[in-house]
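**Student:** From the sequence below, what's the structure:
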Amino acid sequence: MSSGVDGVDHDMEKLDLNGYTDGNGEISEDTHRTRAQRKMSGPMMPAFMVSAPGKVIVSGEHAVVYGKAAIAASISLRSYLLVTTLSKSKRTVTLQFPDIDLTHTWVIDDLPWDAFSHPSKKKHYYDLVTSLDPDLVEAIKPHLAVVSPGKSDADRKVHQNAAASFLYLFLSLGSKKSTGCLYTLRSTIPLGAGVGSSASVSVCLAAAMLLQIRTLSGPHPDQPSDEARVQLERINRWAFVGELAIHGNPSGVDNTVATQGKAVVYQRPDYQKPPIVTPLWNFPELPLLLVDSKTPKSTAAQVAKVAKLKTAHPKLVGNILDCIDNVTRSAESLIAEDDFDSREYESLQRVGELMTINHGLLASLGVSHPRLERIRELVDHEEIGWTKLTGAGGGGCSISLMRPDVAKEKLARLEARLEEEGYLQFETTLGGDGVGVLWPAVLKNGLEDEDEEGGMEIDLDNFLKAPGNEGVERLVGVHGGAGEREGWKFWRVES
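**Tutor:** Numbers count the residues shown, from 1 in each chain. So this is what the prediction gives:
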């Protein structure tokens, strides 16, 4: 089954988890009538949370531009969305994203519902949308123009892109009868660093809105894998729409990884056709250090640099790209081996060596940077891990696969040195869970903050005020703080 946004699974609608298909997978008249009669969520719907991870490219940067394979994997840094339903009398919808200082409220009745609900424009929750409708984009423009008027041009662009993604999803999946809501976002993913922060947010928004119109089942521990796949694909399709509103022409990799977690092999040998996206459902969780060089990068500039080099030395650069592809396929084969054990040094070393080779090949194409090489000096040369750039290079981030049993003193020195030299570092895990739900937004974490009934409600005020990544993780607890807490559930698929 194709799990990429651009791939159409012809069997998918035969398995509609809400019971709207007949025995042959066909949608009947009764089905359409049932859908039309489905009630929106009531005003007393409890507050709930949705969370989705960021991503890194493990292998294959730049070669992927030339039709080669790349591996992208989730990281345990995540976005968190708290959805709070307002009373019936409150006819407003608010997007709050304090990490980028964005707050805006729209009056629901004033939004362009007529355009989005017109029979020629209306999309169903199960539809595959591969491009934005220009008429609908035009319809929301007046409602974006009023966002963050006092901000700088750069900040306004970021805010209006986020608002465009939100409004396009809200108008596509909701209706004029939608109840008022607060959508409050916090993220522990570095923003604008090429590690999938916008896709993570799009996945959270898509999943939340699909939950609100009751078109998702689960997640629950006993859910069959086939059911989970359908649910994930449904979220993924709409998260891609959110990414379209932000980026214009996204590949679909980021939202796919943020939706399903683990990792994917992505390849687009023919740009006239959809990409080939192969899920790696059994990708192991690996210890990772993500370091932001704090050096601005331009993906377009780095891609152009490689293209120019390839024009000047076609055979040589072609061979390098082939070598990068071989590294990617070797990594894919390695983690699929029966005796691969992510807890054993030998297995980690083999992955690490492939990362080192991959970085060397990318450096030979001229896309590394002195700040990235300095990270390798501090990490690899001190035998703390194996490091490579991730993404386009020329700045941006590096990832380091960490060796097990490194002395705490050595890790402390590394942390201090990176901080001293102006790097931003994140201890994370590679290959974890995808989109998750906490319904209602009550944690059962075994800590002193639980109430008498054994739960701690996530308060909107506390969520907004949680200090930094550690504060957010401590409060919502998918990773970090007290670790994974009871109550969060994930759509998990095993191969």
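**Student:** CA atoms of the strand or helix carrying Ser76 as CSV?
**Tutor:** Assigned by DSSP states H and E, Ser76 belongs to strand 70-85. C-alpha atoms of strand 70-85 as CSV (Å, rounded to 0.1, in the frame of the first residue of the first chain):
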residue,chain,number,x,y,z
ALA,A,70,16.8,9.1,0.3
ILE,A,71,15.9,8.0,3.8
ALA,A,72,14.0,10.4,6.0
ALA,A,73,13.2,9.5,9.6
SER,A,74,11.2,11.0,12.5
ILE,A,75,12.8,12.5,15.5
SER,A,76,11.4,12.7,19.0
LEU,A,77,11.2,16.5,19.0
ARG,A,78,7.6,17.3,18.3
SER,A,79,4.8,19.8,17.9
TYR,A,80,1.8,19.8,20.3
LEU,A,81,-1.6,21.2,19.5
LEU,A,82,-4.2,21.8,22.3
VAL,A,83,-7.7,22.1,21.0
THR,A,84,-10.2,23.9,23.3
THR,A,85,-13.9,24.0,22.3
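**Student:** For stretch 406-426, buried residues please.
**Tutor:** Of the residues in stretch 406-426, 411, 414, 418, 423, 425-426 count as buried by neighbour count, 16 or more other C-beta atoms under 10 Å. (Each C-beta comes from the backbone N, C-alpha and C, glycine too.)
**Student:** List the contacts of it.
**Tutor:** With contact meaning C-beta atoms under 8 Å, 6 or more residues apart in numbering, stretch 406-426 is reached by 77, 188, 190, 289-294, 371, 374-375, 378-379, 382-385, 469.
**Student:** Restricted to strands, list those residues.
**Tutor:** 77, 289-292, 385 (DSSP state E).
**Student:** for the residues you listed, which one is nearest Thr184?
**Tutor:** Leu77 (18.3 Å; C-beta to C-beta).
**Student:** show me the contacts for that closest one.
**Tutor:** 53-54, 188-190, 195, 290, 426, 428, 469.
**Student:** so what's the residue lying closest to Thr94 once chain neighbours are set aside up against?
**Tutor:** Spatial nearest neighbour of Thr94, excluding adjacent residues (C-beta to C-beta, 6 or more residues apart in numbering): Thr105 at 4.4 Å. Contact analysis of Thr105 by C-beta under 8 Å, 6+ apart lists 92-94.
**Student:** ditto for Leu321
**Tutor:** By C-beta under 8 Å, 6+ apart, the contact set of Leu321 is 62-63, 66, 68, 310.
**Student:** If we only consider the residues you listed, which is nearest to Glu494?
**Tutor:** Distance to Glu494, by C-beta to C-beta, is smallest for Lys68 among those, at 27.7 Å.
**Student:** so what's that closest one scoring on pLDDT?
**Tutor:** pLDDT for Lys68: 94.
**Student:** so it sits in a helix?
**Tutor:** No - under DSSP: H, G, I helix; E, B strand; the rest coil, Lys68 sits outside any helix and is assigned coil.
**Student:** for the chain, what helix or strand is lowest in average pLDDT?
**Tutor:** helix 29-37 (a mean of 41; mean pLDDT, DSSP states H and E).
**Student:** circling back to that earlier point, now the contacts of Leu77 in JSON lines, with distance to Gly434 and pLDDT?
**Tutor:** Conversion of the contacts of Leu77 to JSON lines gives the following (distance: C-beta to C-beta, whole Å; pLDDT from 0 to 100):
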{"residue": "Pro53", "distance to Gly434": "7", "pLDDT": "96"}
{"residue": "Gly54", "distance to Gly434": "11", "pLDDT": "96"}
{"residue": "Thr188", "distance to Gly434": "16", "pLDDT": "92"}
{"residue": "Ile189", "distance to Gly434": "14", "pLDDT": "92"}
{"residue": "Pro190", "distance to Gly434": "19", "pLDDT": "87"}
{"residue": "Val195", "distance to Gly434": "15", "pLDDT": "92"}
{"residue": "Leu290", "distance to Gly434": "18", "pLDDT": "97"}
{"residue": "Phe426", "distance to Gly434": "19", "pLDDT": "93"}
{"residue": "Thr428", "distance to Gly434": "15", "pLDDT": "92"}
{"residue": "Asn469", "distance to Gly434": "20", "pLDDT": "86"}
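**Student:** Just the residues you listed: which are in helices?
**Tutor:** Asn469 (DSSP state H).
**Student:** got the contacts of Leu77 as JSON lines, with distance to Leu205 columns?
**Tutor:** As requested, the contacts of Leu77 are arranged in JSON lines below (distance: C-beta to C-beta, whole Å):
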{"residue": "Pro53", "distance to Leu205": "15"}
{"residue": "Gly54", "distance to Leu205": "15"}
{"residue": "Thr188", "distance to Leu205": "17"}
{"residue": "Ile189", "distance to Leu205": "15"}
{"residue": "Pro190", "distance to Leu205": "19"}
{"residue": "Val195", "distance to Leu205": "18"}
{"residue": "Leu290", "distance to Leu205": "24"}
{"residue": "Phe426", "distance to Leu205": "23"}
{"residue": "Thr428", "distance to Leu205": "23"}
{"residue": "Asn469", "distance to Leu205": "21"}
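**Student:** most neighbours, which of the contacts of Leu77?
**Tutor:** When neighbours are counted by other C-beta atoms under 10 Å, Pro53 leads the contacts of Leu77 with 34 neighbours.
**Student:** what pairs with the nearest residue to Leu460 once chain neighbours are set aside across the strands?
**Tutor:** In this structure, Leu460 finds its nearest non-sequential neighbour in Thr84, 5.8 Å apart by C-beta to C-beta, 6+ apart. On the basis of DSSP bridges, Thr84 is bridged to Leu182.
**Student:** Report pLDDT for Thr84.
**Tutor:** Looking at Thr84, the pLDDT reads 95.
**Student:** ok, it - contacts?
**Tutor:** Listed by C-beta under 8 Å, 6+ apart, the contact set of Thr84 reads 47, 181-182, 184, 460.
**Student:** how about 7 Å then?
**Tutor:** 47, 181-182, 460 (C-beta atoms under 7 Å, 6 or more residues apart in numbering).
**Student:** Contact partners for Met45?
**Tutor:** By C-beta under 7 Å, 6+ apart, Met45 lies in contact with Thr85.
**Student:** Switch the buried residues of stretch 406-426 over to a markdown table; also include distance to Gln267.
**Tutor:** Shown next, in a markdown table, are the buried residues of stretch 406-426 (distance: C-beta to C-beta, whole Å):
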| residue | distance to Gln267 |
| --- | --- |
| Leu411 | 36 |
| Leu414 | 35 |
| Leu418 | 34 |
| Tyr423 | 32 |
| Gln425 | 31 |
| Phe426 | 28 |
